[in-house]
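Q: how does the following fold in three dimensions:
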Amino acid sequence: MSKKILVFGGSGFIGSHLVWKLAQIEGNQVGVFTRTPMKSMLPPRVVPIEGDIRYLVDVYQALEGCDEVYHLAAFHHVGKSWDHQEECVDVNTKGTANIMQSCWNRKIKALYMSTSEVYGIQEETPWHEDMKPNPVSPYGISKYGGELQALMYQKMGADIRVVRPFNVYGPGQTMRAVMSEFILRFLSEQKVHTTKGEQTREFNYVGDIVEGLILAMDKSYEGPINLCSSEEVAIKDLLEMVRKETDSKAEADLSIPYRPNEIMKMVGSNVKAGEVLGWKPKTSLAEGLKTTVQWYRERLGLEVTTSA
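A: Presented below is the predicted three-dimensional model:
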C-alpha cells in the first residue's frame, strides 16, 4: 500500500536516520520539510520541501495529499536555549501548534517527538509517563508546550501520538551532544572539557529510537510514551568508556560548572513502550558505542579497529 509521508526535521540527526529507514519500505513516498536547501544527500526518490514551521501557510500547503506526518523539527540544544528563548518557543511551541492544527484540519495521522527534558527534576526515578512534567530549561518548557498542543488535538479526536525519547546517540550526530563530543575529541587527541560528571543519563542508539518511532506511528494510544533503555550511566563513567573505546591518551578537564537547574538523575521507564508498542531497545551501550566510534574513525580517515 502506497503512503505519502512528510518528515519535519528530516535533515537532523534522528530525522535523517528515520528518513533513510522509511525510504527503504516499499510503497512509501517520503518528503523532507526543511527551512534551508538540503545540503546532505537524500535517499533516492525522497523529495525536499522548503518552508518554515513557524508559518502556518507553509505547513498547511506542504501537507497536501499526505497520509502520515512525523514531527521531529525543533530547536534542540538545552544549554543554548537559555540565550535563545524566543527562537526556542517560536520553533518548538508555535511551530508545533502549526503542524498539529494543519494535521487536524487535513485529518492526517501524525507523530510528535517530544523529549525526556519535559520531566525536569523529579523526586524519584525511573521517570514514567504518569509523572507530572516539571521542565526546568527554556528548551524543556518549549517542548512541553508543543506536547500540550499535540495532546490537546489528540483529546479532540485527532489521530496524533506523542513519544518522549531519552538521550540519543549514533553515527552522524554533531558535537553539540555529549557522546559525539567525547568521541570526536578523543579520536582527535584533544582535551575534553566537561563537568565533574556526577549527573546520570541514559543513552539510546539511534536505530532503536527510529524503530520505536515507526512502531508508534502504527499504534493508537493516549498520552505520551517514553522511548528509553532504562539503564543509567554517570557522565564521568561514560567519559571513561569512550576514552577506552577510542584508545585515546587525551586528558579531560572536569572543571566546567553545571548548567542552571542541572538535572542530576535522568532515567526513564520503558514499561509502557513494551506493553503498547512491543518495543524495547536492542542495542547495548557498549555495542552502540563501538559502532559509533568506528563510524567516526572512518569519517576522520583514521584506521578502523577490529578488536573485540
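Q: distance check, the most far-flung residue of the chain relative to its centre against residue 124.
A: In the chain, counting by CA atoms, centre = their mean, residue 249 sits farthest out from the average C-alpha position, at 30.8 Å. Distance, residue 249 to residue 124, using CB to CB, to the nearest Å: 40 Å. Every C-beta, even on glycine, is put in place using the N, C-alpha and C of the backbone.
Q: now do the same contact list for the residue farthest from the centre of the chain.
A: Contact analysis of residue 249 by CB atoms under 8 Å, 6 or more residues apart in numbering lists residue 189.
Q: could you list the residues in contact with stretch 11-26?
A: 5, 7-10, 28, 30, 32, 34, 38-40, 42-46, 70, 72-73, 76, 113, 165, 168, 170, 172-174, 177, 206-207, 209-211, 213-214.
Q: in that stretch, what's buried?
A: 11-23 (16 or more other CB atoms under 10 Å).
Q: tell me where the stretch 51-200 of the chain has strands.
A: In the stretch 51-200 of the chain, the strands defined using DSSP state E, counting those that start in this stretch lie at 68-71, 109-113, 160-165, 168-169, 192-193, 200-201.
Q: what about residue 65, neighbour count?
A: Residues lying near residue 65 (other CB atoms under 10 Å) number 11.
Q: for it, what are phi and psi?
A: Main-chain dihedrals, residue 65, degrees, to the nearest 10: phi 80, psi 0.
Q: how close does it get to residue 29?
A: Separation of residue 65 from residue 29 (CB to CB): 9 Å.
Q: which neighbours do these two have in common?
A: Taking CB under 8 Å, 6+ apart as the contact definition, residue 65 and residue 29 share the neighbouring residues residue 4.
Q: which residues of the stretch 51-200 of the chain score low on pLDDT?
A: Residue ranges of the stretch 51-200 of the chain with pLDDT under 70: 75-86.
Q: of the buried residues of stretch 11-26, which belong to helices?
A: The members of those that map onto helices under DSSP state H are 13, 14, 15, 16, 17, 18, 19, 20, 21, 22, 23.
Q: buried stuff in the longest helix along the chain?
A: If you go by DSSP H, the chain has its longest helix at helix 138-155. Going by neighbour count (16+ other CB under 10 Å), the buried part of helix 138-155 is 138-151, 153-154.
Q: for residue 305, report the pLDDT, please.
A: Predicted confidence (pLDDT) for residue 305: 57.
Q: the stretch 101-250 of the chain: helices as residue ranges?
A: 138-155, 178-187, 206-217, 235-246 (DSSP state H, counting those that start in this stretch).
Q: so which of these is nearest residue 56?
A: Nearest of the helices of the stretch 101-250 of the chain to residue 56, taken as CB to CB: helix 138-155 at 12.8 Å.
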